[in-house]
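Chemist: Let me see the structure of the following:
(one chain, ligands or ions: 1)
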Amino acid sequence: MTRRRGGKRPIRSNGENGRYAHITGWGAEVPERVLTNHDIEKMVDTSDEWIRERTGISERRIADDRDTTVTLGIRAARKALKRANILPDDLDLIIVATGSSEHLFPSTACLIQDQLGATRAGAFDLLAACSGFIYALGMAAGQIKSGQAQTVLIVGTEIFSRITDWNDRGTCILFADGAGAFVLQVSDTPGGVREVVLHSDGSGGDLLSVPSGVRATWNGSEPPPKSVIYMNGRDVFRFAARVMTSAIEEVIRNTGLMLSDIDVIIPHQANLRIIDASMRSLKFPSERVIINVERYGNTSAASIPIALVEAVEQGRIKANDRLVVVGFGGGLTWGAALLEWDVIPTTASYGRDVLREGLYILARVRSLLNRMMRFLESVFVRGPSKSHWRLLKRSENSPPHSEPKK
Ligand code: UT7
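Modeler: Have a look, this model is predicted:
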């Protein structure tokens with residue numbers, strides 16, 4: 001069998017045509033506030049021992065009132081842009097994976113685009129619950145490989161604490177807040193996101209859901225369901241253990257590799273028992289699996305990026321490592337991606353860092369001026385109306401536009 005430099009089996013190229021989507025920047029952001037199992041013991045009938053035994057979680061991070069999916073996402077994105085040493089204007093596309101955005105629209109992606117000052121970028125949100133980051137990786141890599149984009153920012157950002165029913169012990173012990181971001185850039189050097197497999201099964205939609213305010217019909221005799229997480233934990237558990245294994249096997253098979261060619265697996269951080277069960281059935285060594293669920297809980301679309309960023313920063317991922325990231329969640333959705341960690345070195349430059357920070361300030365000023373100009377134009381050209389004042393007041397107070405904390 002042909003082996004490439006470093007004695008590694010070559011990866012079968014699937015329609016890459018000389019355009020590869022490399023990860024060149026990364027960053028994560030978690031809120032400072034820690035909520036321990038002991039804190040949750042005071043809220044619902046549970047115990048630290050039960051939560052640790054059944055989930056592996058000891059503590060999680062919860063956003064304070066000033067944070068939103070936008071502010072967490074912006075902070076993670078800024079770190080990723082800095083690491084990639086690019087400017088906001090270099091971005092062609094921003095994809096945000098989130099299941100806890102403040103609005104159906106505007107998308108979290110558009111609000112992040114505005115605050116970054118990424119004036120050339122298209123921006124949209126993608127909703128695939130906890131599999132969102134894998135879906136975003138697939139969309140970003142597809143755009144780059146097809147020649148539609150050169151540079152794409154993907155962000156997984158969640159504030160699940162605001163859609164959690166804090167009286168439901170079956171869910172409030174699990175979910176938490178955080179964000180992670182990656183910059184993907186085109187290169188003709190083989191590497192980066194080599195293969196992505198995505199799956200769905202809407203027949204299991206009721207196993208894990210968050211009703212929105214938009215309902216086609218509602219039985220008037222009962223109050224409508226609250227916009228919180230409803231979950232059948234046992235069934236989700238069974239589904240998760242099964243699809244995690246099958247998605248890992250499929251993505252590896254598609255590239256002509258074998259499990260023994262994989263250096264590290266980064267699973268969605270939902271429950272330690274799900275991760276352990278899948279790795280046991282694959283017979284994959286546990287020391288090569290990245291796990292941080294004990295400290296962050298389940299941050300949904302942000303869980304894989306946070307775990308990956310942490311692993312890179314701890315030196316657990318080295319140049320030329322082959323990684324599999326794998327996720328599952330509401331929808332039902334699941335998927336996996338195979339990455340070659342061939343990071344093309346970028347030389348950090350102080351001047352560019354200063355320029356980037358200046359551009360962020362400029363972006364805020366431009367955003368404010370744009371809104372002011374729209375308001376003035378409507379008042380002086382078309383005449384004032386009550387709705388103009390209302391809209392201006394709302395956009396000034398709206399949390400998505402608030403100053404992200406450093
Ligand atoms: O990103 C994807 C999101 N979701 C998931 O990955 C969730 C997957 N599922 C799970 O993680 C687990 O099913 C849970 C952690 C949610 C629950 O663990 P389990 O071992 O599947 O427990 P269970 O639902 O089978 O419940 C066992 C018992 C029940 O009591 P009875 O009926 O046997 O008397 C529950 O009422 O444990 C009880 N229970 C609790 N007890 C103490 C459920 N939640 C709690 C709790 N503390 N927090």
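
Chemist: Apart from its chain neighbours, what residue comes closest to the residue of the stretch 101-250 of the chain found nearest the ligand?
Modeler: Here the residue of the stretch 101-250 of the chain nearest the ligand is Gly233; by CB to the nearest ligand atom that distance is 2.9 Å. C-beta coordinates here come from the backbone N, C-alpha and C atoms, glycine included. Of all residues not flanking Gly233 in the chain, Gly170 sits nearest, at 5.4 Å (CB to CB, 6 or more residues apart in numbering).

Chemist: so the one you found is in which element?
Modeler: Counting by DSSP states H and E, no helix or strand carries Gly170.

Chemist: about what we covered before: any idea how far Ala181 is from the residue of the stretch 101-250 of the chain closest to the ligand?
Modeler: 29 Å (CB to CB, to the nearest Å).

Chemist: More neighbours: which of the two?
Modeler: Taking other CB atoms under 10 Å, Gly233 and Ala181 do not tie; Ala181 has more neighbours (31 against 15).

Chemist: Let me know the average pLDDT across the host helix or strand of the more buried one.
Modeler: Following DSSP H and E, one finds Ala181 within strand 177-187. The average pLDDT within strand 177-187 is 97.

Chemist: Stretch 192-200 too?
Modeler: Computed over stretch 192-200, the average pLDDT equals 97.

Chemist: hmm, back to that, hang on, the residue nearest to Gly233 packs against Ile229?
Modeler: No: using CB atoms under 8 Å, Gly170 makes no contact with Ile229, being 9.3 Å away.

Chemist: Comparing these two, which shows the higher neighbour count?
Modeler: With neighbours defined as other CB under 10 Å, Gly170 and Ile229 compare such that Ile229 has more, 24 against 15.

Chemist: Can you pull up the residues of the stretch 101-250 of the chain that come close to the ligand?
Modeler: 130, 169-170, 173, 208, 231, 233-234, 236-237, 240 (CB under 6 Å from any ligand atom).

Chemist: do the stretch 301-406 of the chain as well
Modeler: Counting by CB under 6 Å from any ligand atom, the stretch 301-406 of the chain sits next to the ligand at Gly329.

Chemist: show me where the stretch 301-406 of the chain has helices.
Modeler: Taking DSSP state H, counting those that start in this stretch to define them, one finds helices in the stretch 301-406 of the chain at 303-313, 350-382, 386-397.

Chemist: possible to save these as JSON lines with mean neighbour count and mean pLDDT?
Modeler: Converted to JSON lines, the helices of the stretch 301-406 of the chain look like this (neighbours: other CB atoms under 10 Å; pLDDT from 0 to 100):
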{"stretch": "helix 303-313", "mean neighbour count": "23", "mean pLDDT": "97"}
{"stretch": "helix 350-382", "mean neighbour count": "12", "mean pLDDT": "89"}
{"stretch": "helix 386-397", "mean neighbour count": "12", "mean pLDDT": "64"}
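
Chemist: Nearest to Asp65, out of those helices?
Modeler: Set against Asp65 and scored by CB to CB, the helices of the stretch 301-406 of the chain come closest in helix 386-397, at 13.3 Å.

Chemist: Report pLDDT for the residue nearest to Gly233.
Modeler: 95.
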